[in-house]
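**Student:** could you look at this predicted model? Sequence included:
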Amino acid sequence: MRHIWRPLLALLLLAGAGALAVSALELDYRLDAFLPAPETARQQIVVDQVSGGSTARLILAAVDGEDPLAMAETSRALAERWRGLKGVERVDNGDWSRQEALLDKLMQARFVLAGDVAERVTPEAVAEALNNRLADLTVAGRRAESLIARDPLGMVEELAAGLAEGRQTQRIDGAWFDAAGERALLIVHSSHAPYAIDQQERLLEALRSSFTDIAPDRQRLELAGAPVIGVASATASRSDALRLSLWGSALLLVVLAFAWRSVSAIIAGAVPLAFGVVCGLTVTVLAFGQVHGLTLAFGFTLLGVALDYPVHLFGHADRRALSATARNIRAPLLLGVTSTLIAYVAIWLSDSPGLAQLGAFSAAGLAGAALATQFLPALNPALPRRVEPTRVSPFNWPAVPLLLGLAALGFLVWQGEARWSHDLSRLSPIDRSQIAADRELRAAVGGGEVRHLIATSGETLEAALEASEQTVELLESAREQGLIEGWQAATELLPTEETQRHRLSAWPTAEAMRKRLESADSGFRSGAFEPFLADLDRARSRGPISRNFWDGTPLAARLDSQLTKTATGWNTLIQPVGLSDAETLAAFLARNDAPAQLIDLAEGSQAMVAAWRQEASLSLGLAAALIVLLLWLRLRHPVETLAVLLPPASAVLVAAATMSHLDGGLTIVHLIGLLLTAGIGLDFALFSRNFRTDPPAAARSRRAINTCAASTGGVFLVLGQSTIGMLQMLGLTVALGILLSWLFSRIGLPR
Amino acid sequence: MISGLLTLILIAAATTTDAGAPENLDELLSSLAPEDDRTELHFVERRSSPLLSEPLVVTGRIWRNLHGHLVRQTLEPRETKHTLSSNMVIIERPGHSSRNYSLGHIPELAVLYHGLSALLTGDADALRERFKHELTGKECGEECCWRLTLKPRDEALAAQVESLSLSGKDDRLERFVLALSDGEKIETELSRQP
């Protein structure tokens, strides 16, 4: 027992410090931290939209039940309740009748928002409109009177319909429903940033609990959208990671208990890793001020290499003091650590803040862990109690890794571009079924086209809006050609001043309009439309509306999302609806000299990821060259250097080819896994090679490597059982890589 | 349910047999028993509004469609089709997409629907359950004139609709008047011919 106290105390101190640091950290879960810094205005739009755009804040809600009218009633009650919740910017359910403030704003703005004024005020059009109002009276009676008196031309209903988001939905009793009429649909705009997971989670809970309060028993609420996915994935990651790390740790304990048969050795074995984590956190916080949530997750993974260091130390222990063993393994250990450090520092120098953090965390952690391993003897742990191994590997078949490595390389070259995966959704830490549910609901709501945007820009807001208006004119003819079903443009809420003035001047004076209404001989008594004429008078004297006009209404948020101020001026965004063939539309816009570009968010982020990958490949390539150089300098022999490099290089290539084939292309996550594989494999090869002339030491080394492979490989194999795509890819890549590294360093070293 | 209305309306124009004043609700309802529902009925509705210089005259036809819904098509002032089912009205206007509303928002239609359907299926119990009723009759010439006044028992409906009075001669329904709580009266006359 006397051996336990020091290691235990050290481990507890480090665990305490690490836990304290993690809990004090402000973790930030922005996915865009792993994207490269945007360089062009177009890339900026892509990054904005991917990370915090309005579509990333949309929560789609569906009320499922039996009686559509009761569902419509629930939809209205829900919308009213939800509008009062903290964190809700706006709720749309198709029904504007209960949003009186908004209706009043639309009443005021209709004179500048509606086009074709001259056609609306011809005697025939006025007579037709008034006849329609009589028809309204026959259904709605007195309830319609005040609306008819204020809006005899029926412009507000038309505007409201045009502004509605879900154009492909049907309405039952005024509320949006899916095409089958089975679910009432609502759209909630959250005011929280998409990555503010805790706030989003509270908002979702509040949405659900108001539903429980007001909905009848047999109705159910379904929520979807980016915030829901974000919250679900955070929860899933947490529970999945917890479950798998428990299993992984249990496996690790079993392997180490079998290998060492000493409690104090196992406790001491955890000290370097814990010290590495504390070092990594410290350096990251000092260098970056905060730590990205994903950095922690991936960083812990990359520190998995450090798990092997005490295994090598204890594995090589003989009758001498442990400090002598530490000195004994120092050369290969340091060489392995330095090589891996070079790769991690290369990541540190990356352009993307998330990756830079990851590199810093792993490099510092690795250095700390290696240092701690050297000082482990000071903790005076009991030595592993096992009989000395004597058997040495009789296999020296370097041709095996060489041929397999070349075959894998050939496969990757033959694959060409297909070796890289372009499906970004695979990278998100999300259960796939959730994404499917989200897409389904999005399609039901309609207008959920989130992949494309049409952007215009200008030096002034007016210029950007003018470009937007010209584009909308072109879109009108694109609609006639069936290229697009509709769109939402900023100019629907804020036309250019010129257009607004033009429209206002096309309106007759209140006096002239009064005569026109009376001469229609519709059966309405004279003076019935005074409220309308008063509005007209006010609109004419007020002139054009400005951006602030919508302040205080839910439409302000929509306008904000469509107008962005940039360093050089303004951008406006047009959101297409029902865009079936983006390429044809882009060609159409280009052919007609549209002052706008169609932006494909998916393609844009793919292009950025590709650019990032190139940059990362370049740094890693440089790092690889440096590692080769370092090994050569240290081992002083080209054959020795090649002998050490062959097993890990071949293992990485074969693992890359296999995973690329299985997963349909490699992603950033695979690359991180391969990087870890290279580090571990290099250690295996260095240790095997270093002690090959000393049979007892070689036998100990071999056993240590077996233990490493079983423990670390086992942990990642467990991780590979995750339902989360990202964890699964990582776990399987590393587990396969370790298995191959172990195999190749065992049979693949030359004599 | 609604099928009865048409039948009722058919009966309204049919040659009548000599009949005495109905003594009670059950007797009236059984005399209005539905027989055929293939024909359509013409109506003339009058409603007033402070916006109008004179009452609005709405003319049109009513018939029952294959699904058993009551279809009310107006020709003047505008061609419009209203399809009434048990809890909803679907409104179609040429050149516009169809809209639908819960009868809950249009209490006068709800009262009309519930009153007429109970009446026409001869379900006196349903009528008593939903409405307070008052039945009067008197001799007018060779026929018997009757008037049935219904007041909704449902508080929400009663707050908006004062009463529905149906009147006719013998076993014909000729006219109904919806009196709303705000004083508005909607009068409808029925006939077989335009």
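**Tutor:** Cool, got the structure.
**Student:** and chain A, what are its domains?
**Tutor:** Listed by automatic domain parsing, the domain ranges of chain A are A:5-30+A:230-386+A:397-428+A:605-747, A:56-94+A:170-224, A:96-168+A:502-543.
**Student:** which one is residue 130 nearest to, not counting chain neighbours?
**Tutor:** Assuming you mean chain A. Setting aside the residues directly before and after it, A:Leu130 is nearest to A:Ser522 in space (CB to CB, 6 or more residues apart in numbering or on different chains), at 3.8 Å. Glycine gets a C-beta too; all of them are placed from N, C-alpha and C.
**Student:** I was thinking of chain B, sorry if that wasn't clear
**Tutor:** Closest to B:Arg130 by CB to CB, 6+ apart is B:His114, at 5.4 Å.
**Student:** do you know how far that neighbour is from chain A?
**Tutor:** 15 Å (CB to the nearest CB, to the nearest Å).
**Student:** distance of that residue relative to A:Arg700?
**Tutor:** Per CB to CB, to the nearest Å, B:His114 is found 93 Å from A:Arg700.
**Student:** buried residues, stretch B:181-194. List them.
**Tutor:** B:184, B:186-188, B:190 (16 or more other CB atoms under 10 Å in any protein chain shown).
**Student:** check stretch A:469-479 too.
**Tutor:** Quick answer for stretch A:469-479 (16+ other CB under 10 Å): A:469-472, A:474-475, A:478.
**Student:** okay, those residues in JSON lines with pLDDT next?
**Tutor:** Output for the buried residues of stretch A:469-479, formatted as JSON lines (pLDDT from 0 to 100):
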{"residue": "A:Glu469", "pLDDT": "92"}
{"residue": "A:Gln470", "pLDDT": "92"}
{"residue": "A:Thr471", "pLDDT": "91"}
{"residue": "A:Val472", "pLDDT": "91"}
{"residue": "A:Leu474", "pLDDT": "91"}
{"residue": "A:Leu475", "pLDDT": "89"}
{"residue": "A:Ala478", "pLDDT": "89"}
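**Student:** give me the phi and psi for A:Trp397.
**Tutor:** phi -120, psi 70 (degrees, to the nearest 10).
**Student:** what's the closest non-adjacent residue to it?
**Tutor:** Closest to A:Trp397 by CB to CB, 6+ apart is A:Ile747, at 5.3 Å.
**Student:** who's more crowded, B:His114 and A:Arg700?
**Tutor:** Taking neighbours as other CB atoms under 10 Å in any protein chain shown, B:His114 and A:Arg700 compare with A:Arg700 leading, 26 against 23.
**Student:** got the contact list for that one?
**Tutor:** Contact analysis of A:Arg700 by CB atoms under 8 Å, 6 or more residues apart in numbering or on different chains lists A:315-318, A:388-389, A:691.
**Student:** my read is it is in a helix, agree?
**Tutor:** Yes: counting by DSSP: H, G, I helix; E, B strand; the rest coil, A:Arg700 is part of a helix.
**Student:** measure it to chain B for me?
**Tutor:** With CB to the nearest CB as the criterion, A:Arg700 and chain B are 82 Å apart.
**Student:** quick one: neighbours of A:Lys515, just the number.
**Tutor:** 11.
**Student:** what segments of chain B are strands?
**Tutor:** Counting by DSSP state E, one finds strands in chain B at the ranges B:41-47, B:56-64, B:70-76, B:80-84, B:88-92, B:99-102, B:131-140, B:143-152, B:161-169, B:172-180, B:185-191.
**Student:** so how far is A:His670 from the closest residue to A:Met659 other than its chain neighbours?
**Tutor:** Nearest residue to A:Met659, sequence neighbours excluded (CB to CB, 6+ apart): A:Thr733, at 5.1 Å. Applying CB to CB, the value for A:Thr733 to A:His670 is 5 Å.
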